[in-house]
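J.: Turn this into a model:
(3 chains)
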Amino acid sequence: MSTFRIKFLVVFLFAILSGETVMAQQNANQILRAVYLKSQKAKDYSVLANIKVDMPFIRMLPIDAKIYFKQKDKFKVESKSIAIVPRQGFDQSSKMLADTNSFTAIMQGNELINGTLTNIINIIPLSDTSDLILGKLWIDNKQNVVLKSQLTTKSNGTILMEYTYGAQLLYGLPDKMIFSVDVKKFKIPKSVSGDINNSSTETPDKTKDPKKGKIYITLTNYQINKGVPDTIFKK
Amino acid sequence: MFWKSTYNEFLKIAAKPRSYIGVGAITLIVGIILFAMKVDGHNFISFVTQPFEQSLSFEGKILNGNLIAFIILQMLIIHVPLLIALVTGDLVSGEGAMGTIRLLLTKPISRTSILFSKYLAGCAYTLIILLWLVFLALVVGKIIFGTGDLMVLNSEGLVILQEKDLAWRFLSGFSMAFLSLVMIATLSLTLSCFSENSIGPIVSTMAIIILFTIIGALDVPVLQKIQPFLFTTHMVTWRNFFEDPLPVDKIISSAIILFVHIIGLLAIAVYKFNRKDILA
Amino acid sequence: MSDSEEKIVEVKHLVKHYGKFHAVEDVSFDVFRGDVFGFLGPNGAGKSTTIRTLLSLIKPTKGEIRLFGKDLIKNRNYILQRIGCIVEKPDFYKYLSAEKNIEIFARLSGVTVTKSKVHEIIEFVGLKGREKDKLGGFSHGMKQRLGIAQTLIHDPELIILDEPTTGLDPQGIIDIRNLILQLKNERNKTVLLSSHILSEIELIANRMVIISKGKTIVQGSVSELLNAQELVVSFSVDNIEKAKQLLGSLPEKNIIDKIEDKNLLLHISQENIPVINKLFCDNDINVFSIEAKRKLEDYFLKLINT
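T.: This next block holds a predicted model:
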């Protein structure tokens, strides 16, 4: 093959790969943009939540709460009982997607989740000072909703979230959420517990993964775009 | 005659100035705790929830009257036993010190009846002290802090109990606490039968509690064999009513051990009191 | 002599040991109904131990005690219901009033006692108006009176008083003496009292027992025991020497015990007092006073030192 042909082949391949990368990036951004736009359909909502905590070191019965949300980032959990929720809140994904200039989104392929084909998109923050270290989203791009997300932050570690949708798919609001957190760093201060004569012979519950804990949130009775007063979000 | 004697003993307890030290001390200590929690309670909560807060957030009214009541109950470990012993430790030895025992034991009532009437009056005093503590902790605590779920931290982690589930737990916990305090009253009364002055039984009771508590906390193999049988190990059994699931076996065995202690100590007291020559 | 032959108290060969120490070795005596019975002995003789044993405050090592015809150990409550007592000093609850103290002990006495009865008995012992006062402010004499009140509140048959006049002033001692006589004469009580004031026993007791070192030395009627002994009589005269000469001429020898100033102390029987008095008067010796001295005291000291 002549030198000219080899050079042409190299340039051609380079162009295609670059173009694919650019296209992949453009596709990822488009997908994320579509997800974001869908999430903006609900200007505000209130929803009844049943929160069940399944975690080592924590024992509690499922409790009922009410969650309020108002664009762009007002969020409140109201409960007569003590509720345990993920520190990052429920809307971390859409918060992150609001500012597309703060990260680079890269397609990482596909995965089937419960029979639904999803695009896997990695989110890499552009700023060194960002709390987010790495994000990974599994997106159903037919419905433009996030089915799963994994966010690693400096302040809160890694949290995995799974979403199931039902009646409020139109607004991108889930019926069910499962949060998985890393619990191995929970250390119980003995001096606080007052168990000075602790002669417990209980063996640790081996059915629970000592490293992971889950929070199951079931959401019902959404009231979307009915108006939520700002006073609710004041403590 | 027994009930008349019990009525007498209760009148005597009610008339003694020292009986009100317990009431005053509890009011003061609970008042201090209520004030401290009102001013700085949220920092205390943060200290408890801090191990979990990197990943989790706690919503809802954690600092409420139920939590305050639970914190105040912790006093049962050291403070309230001393206040109980202050009165019950004086029931027999105080009569000797005052000289009234000479008149008392020349009345047509058996020594056993006299001893049991003192014991019953002492238990009634114990109940009053506990009820006062309950009132301050639960009623006043709820007036100041409101009500809500109870979050308990023990060495195995966090237990969150719903408000509607708390009434029977507190009732059972206080009942168990009453049994623990009756154990203390029995111990101090028994020691009182061996003494001619009031200070001895009170100091001895506290010394025994402190010694057994230390033995119970040491991780030494030879001591671990006796730890389950020390009454101090079971004085915190009331906390088991705030576990989930409820450790029923532990609670029953603790109650049995405390009962055995009470009966054994009473038997010693009856024997000693009946055989004692009154030389005072 | 006792008024009756019914034995209220029977103590037979009472023994009490505290390890090697023998507090009571062998004490026996009887008290009859209506007696004012004196219980005498030096310090450490075992009086208090004996009385405490009678009241079931102390358990005897050996011996038999019967009160009202019944064994003390088997019939304790029956017996104690019929006894009122003060053991050593009467101690009460300082933080209670006089009235409340009496009520507390009355409640245990086995009979129903009303508030009016309490007030009546407090008035009887001379403490009217002090019913509501706390015992902390009472003098020793007042506490002693209150002690008598609690002794009587349930109208007992037998009253046991252990050193009832200890710490009292002369008026207090007279009051207690009169009270005891009143109890015997007006209320038909039997009284057992121990005392160190021998003259008091001599004045009020009709029967007595003397113990020493834990043992009974002698018991019986006071007058019989004392009349069997010679008296020591003091004659105060103006001419001792002449009196001595006269006495030396009598057939009885060694009747002069001693001479103190202008007093002649003579060992004579009661019947010879007027005889000696007449002898002095007939011989122009003026007699200023005649006094029988140290009767029971001498007798007591003689007994315990033999």
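J.: quick one: buried residues of the host helix or strand of B:Met183?
T.: Assignment of secondary structure by DSSP states H and E places B:Met183 within helix B:166-192. Under the neighbour-count criterion of 16 or more other CB atoms under 10 Å in any protein chain shown, helix B:166-192 has B:166, B:169-170, B:172-174, B:176-192 buried. Every C-beta, even on glycine, is put in place using the N, C-alpha and C of the backbone.
J.: need the helices for the stretch 151-300 of chain C, in chain order.
T.: C:170-187, C:198-204, C:222-227, C:240-248, C:273-282, C:295-305 (DSSP state H, counting those that start in this stretch).
J.: Revised request: answer the last question for chain A.
T.: With DSSP state H, the ranges of helices along chain A come out as A:3-39, A:92-98, A:190-193.
J.: now chain B
T.: B:2-15, B:19-49, B:65-73, B:79-88, B:93-98, B:100-104, B:111-134, B:141-145, B:166-192, B:199-217, B:221-224, B:248-275.
J.: List every C-alpha atom in the shortest one, with coordinates, as PDB.
T.: Which is helix B:221-224. Below are the C-alpha coordinates for helix B:221-224, written out as PDB (Å, rounded to 0.1, in the frame of the first residue of the first chain):
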ATOM      1  CA  PRO B 221     -12.200 -14.600  83.100                       C
ATOM      2  CA  VAL B 222     -12.500 -15.600  86.700                       C
ATOM      3  CA  LEU B 223     -14.800 -12.700  87.500                       C
ATOM      4  CA  GLN B 224     -16.900 -13.200  84.400                       C
END
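J.: one step back: nearest to C:Val113, of the helices of chain B?
T.: Closest to C:Val113 of the helices of chain B, according to CB to CB: helix B:2-15, at 10.7 Å.
J.: Packing partners of that closest one?
T.: Applying 3 or more CB pairs under 8 Å, 6 or more residues apart in numbering or on different chains; DSSP states H and E, one finds that helix B:2-15 contacts helix B:111-134, helix C:98-107.
J.: tell me the most buried of these?
T.: helix C:98-107 (a mean of 23; mean count of other CB atoms under 10 Å in any protein chain shown).
J.: Identify the residues contacting the next helix or strand after it?
T.: Next in sequence after helix C:98-107, counting helices and strands by DSSP H and E, comes helix C:115-124. Contact with helix C:115-124 is made by C:Ala98, C:Glu99, C:Ile102, C:Glu103, C:Ala106, C:Lys128, C:Arg130, C:Glu131, C:Leu146, C:Ala149, C:Leu152, C:Ile153, as judged by CB atoms under 8 Å, 6 or more residues apart in numbering or on different chains.
J.: nearest residue to the fourth one other than its sequence neighbours?
T.: The shortest distance from C:Glu103 to any non-neighbouring residue, by CB to CB, 6 or more residues apart in numbering or on different chains, is to C:Val118 (5.9 Å).
J.: can you list the helices and strands packed on helix B:2-15 in a markdown table and add mean pLDDT?
T.: Formatted as a markdown table, those follow (pLDDT from 0 to 100):
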| stretch | mean pLDDT |
| --- | --- |
| helix B:111-134 | 95 |
| helix C:98-107 | 92 |
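J.: related to what we said a few turns ago, between helix B:111-134 and the helix holding B:Met183, find me the angle.
T.: Taking axes from the mean of the first three to the mean of the last three CA atoms, to 10 degrees, one finds helix B:166-192 and helix B:111-134 inclined to each other by 140 degrees.
J.: Please work out the angle formed by the directions of helix B:166-192 and helix B:199-217.
T.: Using the same axes, to 10 degrees: helix B:166-192 against helix B:199-217 is 130 degrees.
J.: Residue 31: how many residues sit nearby?
T.: All of this is about chain A. A:Ile31 sits with 19 neighbouring residues when counted by other CB atoms under 10 Å in any protein chain shown.
J.: my bad, the chain I had in mind was chain C
T.: C:Val31: 25 neighbours (other CB under 10 Å).
J.: helices and strands around the helix or strand encompassing it, which ones?
T.: Using DSSP H and E, C:Val31 maps to strand C:21-32. Other elements packing on strand C:21-32 under the criterion 3+ CB pairs under 8 Å, 6+ apart are strand C:7-18, strand C:36-40, helix C:47-54, strand C:190-194, strand C:207-212, strand C:215-221.
J.: One more pass at 10 Å, please.
T.: Where contact means 3 or more CB pairs under 10 Å, 6 or more residues apart in numbering or on different chains; DSSP states H and E, strand C:21-32 is packed against strand C:7-18, strand C:36-40, helix C:47-54, strand C:62-67, strand C:190-194, strand C:207-212, strand C:215-221.
J.: The fourth one vs chain B: in contact?
T.: No: using CB under 10 Å from any CB of the partner chain as the criterion, no contacts between strand C:62-67 and chain B are found, and the smallest distance is 12.0 Å.
J.: Next, the angle from that strand to strand C:7-18.
T.: 150 degrees.
J.: quick one: average confidence on the very next helix or strand once past strand C:62-67?
T.: Downstream of strand C:62-67, the first helix or strand assigned by DSSP H and E is strand C:70-71. For strand C:70-71, mean pLDDT rounds to 93.
J.: So what's the gap between strand C:70-71 and the chain middle?
T.: Distance of strand C:70-71 from the chain centroid (CA atoms, centre = their mean, to the nearest Å) equals 25 Å.
J.: Give the pairing partners of that strand; include direction for each.
T.: If you go by DSSP bridges, strand C:70-71 pairs up with strand C:62-67 (antiparallel).
J.: Residues in contact with the partner strand: which ones?
T.: Contact with strand C:62-67 is made by C:7-17, C:24, C:26-28, C:30-31, C:50, C:53-56, C:71-73, C:75-76, C:78-80, C:82-83, C:157-158, C:160, as judged by CB atoms under 10 Å, 6 or more residues apart in numbering or on different chains.
J.: B:Ile26 against B:Leu86, yeah?
T.: No: B:Ile26 is beyond contact range of B:Leu86, at 11.8 Å (criterion: CB atoms under 10 Å).
J.: what stretches of the chain score poorly on pLDDT?
T.: Using chain A. Low-confidence segments of chain A (pLDDT under 70): A:1, A:12, A:14-26, A:89-94, A:184-211, A:235.
J.: I was after chain C.
T.: C:1-4, C:226-230, C:293-306.
J.: if I pick the one residue in it that gets nearest to chain B, what's in contact with it?
T.: The nearest approach of chain C to chain B comes at C:Asp91, 3.0 Å away (CB to the nearest CB). When the contact criterion is CB under 10 Å, 6+ apart, the partners of C:Asp91 are B:95, B:97-104, B:280, C:101, C:135, C:143, C:147.
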